[in-house]
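Asker: how would this look folded up:
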Amino acid sequence: LAGRTDFLYVSDAKLCNRDAMGHIDRHHGRFLTVMPATRAEVGEFRRFIAKNTPVWTEVARRPGRRRGDLDVVFFATPAPSPSVEGYRIVWIRSSEKEVFDAEARRRAIEHGRVALCELDEKLSGPRCRLKNEMSVKAAAEAAIERARASRWVQADITTETVVRHKQQKRGRPGSNTAYVRIEQQRYSVAAVIADDVVRDDACFDGCWPLVTNDTQMTEADLLAVYKRQPGVENRHHVLKGVVDFVPVYLKSNERIDAFAFLGYIAVLVHALIERELRRAMRDADLAELPLYPEDRACKGPTAARVIEIFEPLCAHELVETGEVLKRYDPELSKLHRHILDLLKVPATTYLTAQTASL
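Answerer: Okay, here's the model as predicted:
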């Protein structure tokens, strides 16, 4: 598509397969992608970091999301060995993701423990239908799986024999009444936390691997390029969400190309509106605009919101017997005129030709 090879193809984990990476590499292109967690290299690094301490180098830093939050720091370290295909692997660690991973694991363990406690209460009830150890084990594993805690939580099943006696025949008991001994199995479950696995996984918190065939870029450059990918993904969101580019059932290649071209133009217009407005705000030293309802401030205006603000504007004509008696132009608010000034669009664009000439 590009017709050249001097580009860096940045993609998500779908690119990380032998055929796709090999195709780009054989044609002298460059790629950067995320390695999925199912790859053997990820498991190897997980085991490596549990027993060793890599040399992490700070490659980026940004302020926290909220006031008072600590800075988000990114570290990088080269993998001990390349990928199976022979490509370079760089491991990234984020201080923000490290906290997120630890909290996600804590919640999963707690949900698994609560699920087993609820199952134990059910087993102690008089009408429990789980009558054998296999069914209890299956129910416990299913409860842990639903909590997504199978890696850290296991079920400890204990069996207790409860003995009771029952009259052999009905009637009032007496000195010659015969009794039958009945043994019944009662089960209980308890959560067992795999502390060693939790400890090893804590060493891996906040880490994810990048794989590339570029050998010249530094770890900081690779992270910076990878961090730009969400901007491209945001355009995909505009295409599928805002523009509502849905599947169409066209049979002609020409019509398909034309329809896709219109979608491209719509996304391009959205991107240009956002770029020009944000650039104008920066030049005018404006940190925000009151674009949200109730005049709440917006630091990053989107084209969708700008179009939504201008959408109610419309002109009206008073017509009698086919003759236009009067034209009513839309009333531009102060916010409308401010946005038009920033975008360098004259307000006369929203006036009829007759009014604009006066």
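
Asker: wait, Leu130 touches Ser124, no?
Answerer: No - the criterion here is Cβ atoms under 8 Å, and Leu130 misses it with Ser124 at 11.0 Å. Backbone N, C-alpha and C define where each C-beta goes, glycine included.

Asker: these two: which is more packed in?
Answerer: Leu130 (16 against 11; other Cβ atoms under 10 Å).

Asker: just checking, that one is part of a strand?
Answerer: No - Leu130 is assigned coil when assessed by DSSP: H, G, I helix; E, B strand; the rest coil, not a strand.

Asker: which residues touch it?
Answerer: Leu130 sits next to 122-123, 136, 139, 187 when contact means Cβ atoms under 8 Å, 6 or more residues apart in numbering.

Asker: so what pLDDT did it get?
Answerer: pLDDT for Leu130: 83.

Asker: separation between it and Lys122?
Answerer: From Leu130 across to Lys122, the span is 8 Å (Cβ to Cβ, to the nearest Å).

Asker: all strands for the stretch 1-150 of the chain, in order.
Answerer: For the stretch 1-150 of the chain, the strands defined by DSSP state E, counting those that start in this stretch occupy 8-11, 30-34, 57-62, 72-78, 88-94.

Asker: what pairs with the shortest one, parallel or antiparallel?
Answerer: Here strand 8-11 is paired, per DSSP bridges, with strand 30-34 (parallel).

Asker: which strand residues bridge the closest residue to Ala60 other than its chain neighbours?
Answerer: Among residues not flanking Ala60 along the chain, Phe74 sits closest, at 4.1 Å (Cβ to Cβ, 6 or more residues apart in numbering). On DSSP bridges, the residues paired with Phe74 through beta bridges are Ala60, Ser94.

Asker: A strand includes Arg164, no?
Answerer: Yes - according to three-state DSSP, Arg164 belongs to a strand.

Asker: distance check, the nearest residue to Arg337 once chain neighbours are set aside against Ser95.
Answerer: Nearest non-adjacent residue to Arg337, counting by Cβ to Cβ, 6+ apart: Ala347, 5.8 Å away. Ala347 sits at a distance of 48 Å from Ser95 (criterion: Cβ to Cβ).

Asker: then Ala2?
Answerer: Distance of Ala2 to Ser95, given as Cβ to Cβ: 36 Å.

Asker: among these two, which residue is more densely surrounded?
Answerer: Ser95 (18 against 8).

Asker: what residue ranges in this protein score low on pLDDT?
Answerer: Where the chain drops to pLDDT under 70, the residues are 1, 352-358.

Asker: what about the longest helix in it?
Answerer: With secondary structure taken from DSSP state H, the chain has its longest helix at helix 253-283.

Asker: buried ones in it?
Answerer: Neighbour counts over helix 253-283 (16 or more other Cβ atoms under 10 Å) mark 266-267, 270, 273-274, 277-278, 281 as buried.

Asker: export these as JSON lines, with columns for distance to Lys227.
Answerer: Shown next, in JSON lines, are these (distance: Cβ to Cβ, whole Å):
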{"residue": "Ala266", "distance to Lys227": "26"}
{"residue": "Val267", "distance to Lys227": "21"}
{"residue": "His270", "distance to Lys227": "21"}
{"residue": "Ile273", "distance to Lys227": "23"}
{"residue": "Glu274", "distance to Lys227": "18"}
{"residue": "Leu277", "distance to Lys227": "23"}
{"residue": "Arg278", "distance to Lys227": "18"}
{"residue": "Met281", "distance to Lys227": "22"}
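
Asker: now, which of those residues sits nearest Phe7?
Answerer: The nearest member of the buried residues of helix 253-283 to Phe7, counting by Cβ to Cβ, is Val267 at 20.0 Å.

Asker: got the contact list for that closest one?
Answerer: 235, 238-239, 243.

Asker: what do you get for Val269?
Answerer: Listed by Cβ under 8 Å, 6+ apart, the contact partners of Val269 are Ala303.

Asker: give me the distance between it and Ala79.
Answerer: From Val269 across to Ala79, the span is 43 Å (Cβ to Cβ).

Asker: check Ala2 too.
Answerer: Applying Cβ to Cβ, the value for Ala2 to Ala79 is 29 Å.

Asker: with Pro330 instead?
Answerer: 60 Å.

Asker: what about these two, which has more around it?
Answerer: Neighbours were counted for Pro330 and for Ala79 using other Cβ under 10 Å; Ala79 has more, 20 against 15.

Asker: roughly how far does the more buried one sit from Asp19?
Answerer: Between Ala79 and Asp19 the distance is 22 Å, computed by Cβ to Cβ.

Asker: ok, how many other residues are close to the closest residue to Tyr9 other than its chain neighbours?
Answerer: Using Cβ to Cβ, 6+ apart and skipping residues adjacent in sequence, the residue nearest Tyr9 is Phe31, 4.4 Å away. Counted with other Cβ under 10 Å, residues neighbouring Phe31 total 21.

Asker: can you give me every residue that contacts Phe31?
Answerer: By Cβ under 8 Å, 6+ apart, the contact list for Phe31 reads 8-11, 15, 21, 24-25, 212-214.

Asker: identify, from those residues, the entry nearest to Val180.
Answerer: The shortest approach to Val180 among these belongs to Leu15, at 70.2 Å (Cβ to Cβ).

Asker: confirm Glu317 sits in a strand?
Answerer: Yes - counting by three-state DSSP, Glu317 is found in a strand.

Asker: correct me, but it touches Val324?
Answerer: Yes - Glu317 lies in contact with Val324 (Cβ under 8 Å); the separation is 5.2 Å.

Asker: all helices for the stretch 101-250 of the chain, in order.
Answerer: Assigned helices in the stretch 101-250 of the chain, in chain order: 133-146, 195-204, 219-227, 229-237 (criterion: DSSP state H, counting those that start in this stretch).
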